[in-house]
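Visitor: Would you be able to build a 3D model of this:
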Amino acid sequence: MEFEVIYSDKGSDARAGILRTDHSEIPTPVFMPVGTAGSVKGVHQRELLNDIEAPIILGNTYHLYLRPGLEVIQGAGGLHKFMNWDRSILTDSGGYQVFSLAANRKLKPEGAHFSSHIDGSKHLFTPENIVDIQRIIGADIMMAFDECTPWPCDLKYARDSLKLTHSWLDRGLKQFLSTEPLYGHSQAFFPIVQGSVFKDLRRESAEFVAERNAVGNAIGGLSVGEPAEEMYAMLELVNEVLPADKPRYLMGVGTPVNILEAISLGVDMFDCVMPTRNGRNGMLFTAEGIINIRNRKWMDDYSPIDASGYSFVDTQYSRAYLRHLIISGEMLGAQIASLHNLAFYLWLVRQAFEEIKSGTFTAWKEKMIPALSTRL
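Guide: From the prediction side, this is the model:
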């Protein structure tokens, strides 16, 4: 994997670059559609390729490990072939999913013992087998196994959790360096910075991660309920430490406003279920603001879904028609809304690239944020 910063913004820490894997060239900043179980929910691969031109998507180790299982994925020749996707894939290590199973898991030095949410079967994730699992999945970018701390948590819990995450990182990195890819393409390994919202712990974790000299680094444990300003403060602190010549990936974030603010603080990569999950429930993101398409006011509005003048994706559908589909529970409504939201997110980061290139990012961001926060 290679990464190159091409342009830097004069008014902020935003930067535009190119991330290259064996499967695709990825302009950054980039948003990665979430394909948890080998599918971006409600969106065809051809739409990801041709309509929104996503250069990379995300899969989840926890879900893929449980279903369809490693034997099926390996039998297909890896996740790329299994899902017929020839661009890049990043896999989350499953740490967040194990975190969300609080009532059904136990964390120990050796790893995380948990019960499957599908059938209650017992499993163990370790830093080593998480690497092995991601080798079998075949992702271009693999994540270290970590504990995602809840918010709020006390300092002792956060400190103990960080110690565990750092121990797991070194074990996972050792396993990564001692194993090889299975399908003829290279794989990268990203450590994850943790530390909750405690400045000293975040700085300690960023320094620990930076010293491992990985090809890229991730920032986890944010957007878990803490105020946005605390998240931004942690990002500013961490990005002062993480090397500027390596991509920085903010995990699980977030709203369009979160993304623009994080870009201005030096983040390069994002993922979030919000475009598809919220879309299925009738929330649409546009350059003018947020639309709840279920509202009565859109019932006879025959204008395009996004009337801002920007072109994101097929605009043949009106707000009135999409509202009818969503209200009626038609599957097509969820599909159109999901595709629209993903197209908007991809447009947003591409436009950020162009604004950074032009030296106008900060002024553009300040103009966009009030609009993106508006509920229409």
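
Visitor: so where is the stretch 1-150 of the chain shaky, pLDDT-wise?
Guide: Scanning the stretch 1-150 of the chain with the threshold set as pLDDT under 70 gives 102.

Visitor: And the strands in it, which stretches?
Guide: 2-8, 15-20, 25-28, 30-32, 56-60, 88-92, 105-108, 111-115, 122-125, 141-143 (DSSP state E, counting those that start in this stretch).

Visitor: Can you say which of these is packed in most?
Guide: Ranked by mean neighbour count under mean count of other Cβ atoms under 10 Å, the strands of the stretch 1-150 of the chain are led by strand 141-143, which reaches a mean of 27. All C-beta atoms are positioned from the backbone trio N, CA, C, and that covers glycine.

Visitor: which residues are in contact with that strand?
Guide: Strand 141-143 is contacted from outside by 1, 21, 61, 88-93, 95, 131, 134-135, 176, 187-190, 192, 216, 218, using Cβ atoms under 8 Å, 6 or more residues apart in numbering.

Visitor: mind redoing it with 7 Å?
Guide: 90-93, 131, 134, 187-190, 192, 216, 218 (Cβ atoms under 7 Å, 6 or more residues apart in numbering).

Visitor: Could you export those residues as JSON lines, including distance to Y232?
Guide: Supplementary listing: those in JSON lines, determined by distance: Cβ to Cβ, whole Å:
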{"residue": "L90", "distance to Y232": "23"}
{"residue": "T91", "distance to Y232": "27"}
{"residue": "D92", "distance to Y232": "22"}
{"residue": "S93", "distance to Y232": "25"}
{"residue": "V131", "distance to Y232": "32"}
{"residue": "Q134", "distance to Y232": "30"}
{"residue": "Q187", "distance to Y232": "31"}
{"residue": "A188", "distance to Y232": "27"}
{"residue": "F189", "distance to Y232": "27"}
{"residue": "F190", "distance to Y232": "21"}
{"residue": "I192", "distance to Y232": "19"}
{"residue": "G216", "distance to Y232": "21"}
{"residue": "A218", "distance to Y232": "17"}
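
Visitor: and of these, the nearest to N278?
Guide: Taking Cβ to Cβ as the measure, D92 is the one of those closest to N278, at 19.5 Å.

Visitor: In contact with the closest one, which residues are there?
Guide: By Cβ under 7 Å, 6+ apart, D92 lies in contact with L58, N60, T61, M143.

Visitor: of the residues you listed, closest to K365?
Guide: L58 (24.5 Å).

Visitor: list the contacts for that closest one?
Guide: M32, V34, G35, L90, D92, D271.

Visitor: now swap in G282 and tell me
Guide: N292, I293, R294, I326, A337.

Visitor: Now, of those residues, which are buried?
Guide: Neighbour counting with 16 or more other Cβ atoms under 10 Å marks N292, I293, I326, A337 as buried within the contacts of G282.

Visitor: Touching, the second one and N281? I think so.
Guide: Spelled out, it's I293. No: the pair I293 / N281 is not scored as a contact, 9.4 Å apart, by Cβ atoms under 7 Å.

Visitor: Nearest to the spatial middle of this protein, which residue is it?
Guide: Residue closest to the average C-alpha location in the chain (Cα atoms, centre = their mean): D271, at 1.8 Å.

Visitor: so what pLDDT did that one get?
Guide: Per-residue pLDDT puts D271 at 98.

Visitor: can I get the strands of the stretch 1-150 of the chain in JSON lines with distance to K41?
Guide: Shown next, in JSON lines, are the strands of the stretch 1-150 of the chain (distance: least, Cβ to Cβ, whole Å):
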{"stretch": "strand 2-8", "distance to K41": "29"}
{"stretch": "strand 15-20", "distance to K41": "25"}
{"stretch": "strand 25-28", "distance to K41": "22"}
{"stretch": "strand 30-32", "distance to K41": "14"}
{"stretch": "strand 56-60", "distance to K41": "12"}
{"stretch": "strand 88-92", "distance to K41": "15"}
{"stretch": "strand 105-108", "distance to K41": "25"}
{"stretch": "strand 111-115", "distance to K41": "23"}
{"stretch": "strand 122-125", "distance to K41": "24"}
{"stretch": "strand 141-143", "distance to K41": "21"}
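
Visitor: Which of the contacts of G282 fall in strands?
Guide: In this view, the contacts of G282 that belong to strands under DSSP state E are N292.

Visitor: Out of the contacts of G282, which is nearest to L182?
Guide: Among these, and counting by Cβ to Cβ, the member closest to L182 is A337, at 37.0 Å.

Visitor: I'd say that closest one and G279 touch.
Guide: Yes: contact criterion Cβ under 7 Å: A337 and G279 qualify, at 3.6 Å.

Visitor: Output the contacting helices and strands for the longest helix out of those in the chain.
Guide: For the chain, the longest helix by residue count, based on DSSP state H, is helix 331-358. Counting contacts by 3 or more Cβ pairs under 7 Å, 6 or more residues apart in numbering; DSSP states H and E, helix 331-358 is packed against strand 15-20, strand 30-32, helix 256-264, helix 274-280, strand 283-285, helix 319-328, helix 361-372.

Visitor: now the ones you listed in TSV, with distance to N84?
Guide: Formatted as TSV, the helices and strands packed on helix 331-358 follow (distance: least, Cβ to Cβ, whole Å):
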stretch	distance to N84
strand 15-20	22
strand 30-32	18
helix 256-264	28
helix 274-280	19
strand 283-285	28
helix 319-328	27
helix 361-372	34
